[in-house]
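Q: Take a look and give me a structure for this.
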Amino acid sequence: MSYRGLIVWDVDGTLIPADLRWLRRAIARTYQLPESAVVFPPQRVHGYTDESIVIDTAVASGVRLQQAEAEVSRFGDVLLEVMDEGREELAREQAAYPGVRDTIEALDREGFIQTVLTGNLAQAATVKLDAAGLNQYIDLSIGGFGSDARDRFELTNVISRRFAERHGEQLDPGRVVVIGDAPNDVACARQAGFHAIVVTHRASREELAQSEPDVILSALEPDVVVAAASRLID
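A: Down below sits the predicted model:
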């Protein structure tokens, strides 16, 4: 197989704006809480997997840990129900960031395979990317999702395994570039030996610089992203 490299996209905050409304509604419905009673722990949301966020949020909202764990298995179905009810709202409120579609298409033309590493459950990520019109060039079959492991740092191994199964060769870490928007994206990339590019959609350049990514971008522009990714893997 011949491929230029593998681009691994974060979803919320990188491809589309992050929005906790779906988690809030689904957590409230899963644990039979008023939406106003759902309290997100500020340090345990962005950059974590959905299931870990659900457990921590349920407990912070007054649910006993044992109950939180016992009922989390229902959360995925409830979340899809909530997102299906709000599909038009999702497409309107979480439209792709400027430049995202053109960047994905440009990377595809240059021979990059693309997938995602996200804390979203696989079904939720699929719905979000479909609503934003971003699923044409992204191979979700080799992605890593919050439904694969509660610990986000285990998802790089999931991607490596699925890549090898699908393409018949081991994934070369030196040819992988993670594109995210948070320090956790950089940390996750580094522990697997991947390169890391971050975009300042939510965090400042100064904050992101502390995690020492390879490249910091102020926006996703096709030519700039292709050049940066190509430089890192060549």
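Q: any idea how far Val78 lies from Ala60?
A: In this structure, Val78 and Ala60 are 18 Å apart, going by CB to CB, to the nearest Å. To be clear about C-beta, it is placed using only N, CA and C from the backbone, and glycine gets the same treatment.
Q: which of the two has more neighbours?
A: Counting neighbours by other CB atoms under 10 Å for Val78 and for Ala60 shows that Val78 has the greater number, 18 against 15.
Q: quick one, what contacts the more buried one?
A: Taking CB atoms under 8 Å, 6 or more residues apart in numbering as the definition of contact, the neighbours of Val78 are Ala26, Arg29, Thr30.
Q: My read is that the second one contacts Met83, right?
A: Same thing as Arg29. No: using CB atoms under 8 Å as the test, Arg29 is too far from Met83 to be in contact (11.7 Å).
Q: When the two are compared, which one has more neighbours?
A: A direct count of neighbours by other CB under 10 Å for Arg29 and Met83 places Met83 higher, at 20 against 16.
Q: quick one, phi psi at that one?
A: In terms of degrees, to the nearest 10, the main-chain angles of Met83 are phi -70, psi -40.
Q: How many residues are close by Ala229?
A: By other CB under 10 Å, neighbour count at Ala229 equals 26.
Q: Am I right that it is in contact with Gln114?
A: No: here Ala229 lies out of contact with Gln114, judged by CB under 8 Å, at a distance of 10.3 Å.
Q: Now do the shared contacts for those two.
A: Residues touching both Ala229 and Gln114 by CB under 8 Å, 6+ apart: Ile7, Leu107.
Q: all helices of this protein, in order?
A: Taking DSSP state H to define them, one finds helices in the chain at 21-30, 50-60, 65-71, 75-85, 87-93, 100-109, 122-131, 155-167, 183-191, 205-209, 222-233.
Q: of all the ones you listed, which lies closest to Trp9?
A: Comparing the helices of the chain against Trp9 with CB to CB, the closest turns out to be helix 100-109 (8.1 Å).
Q: Alpha carbons of that closest one, as PDB, please.
A: These are the backbone C-alpha positions of helix 100-109, laid out as PDB (Å, rounded to 0.1, in the frame of the first residue of the first chain):
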ATOM      1  CA  VAL A 100     -12.000  22.400   7.500                       C
ATOM      2  CA  ARG A 101     -13.700  20.900   4.400                       C
ATOM      3  CA  ASP A 102     -11.100  22.400   2.000                       C
ATOM      4  CA  THR A 103      -8.300  21.200   4.200                       C
ATOM      5  CA  ILE A 104      -9.700  17.600   4.400                       C
ATOM      6  CA  GLU A 105     -10.100  17.600   0.600                       C
ATOM      7  CA  ALA A 106      -6.600  18.900   0.100                       C
ATOM      8  CA  LEU A 107      -5.000  16.300   2.300                       C
ATOM      9  CA  ASP A 108      -6.900  13.600   0.500                       C
ATOM     10  CA  ARG A 109      -5.600  14.900  -2.900                       C
END
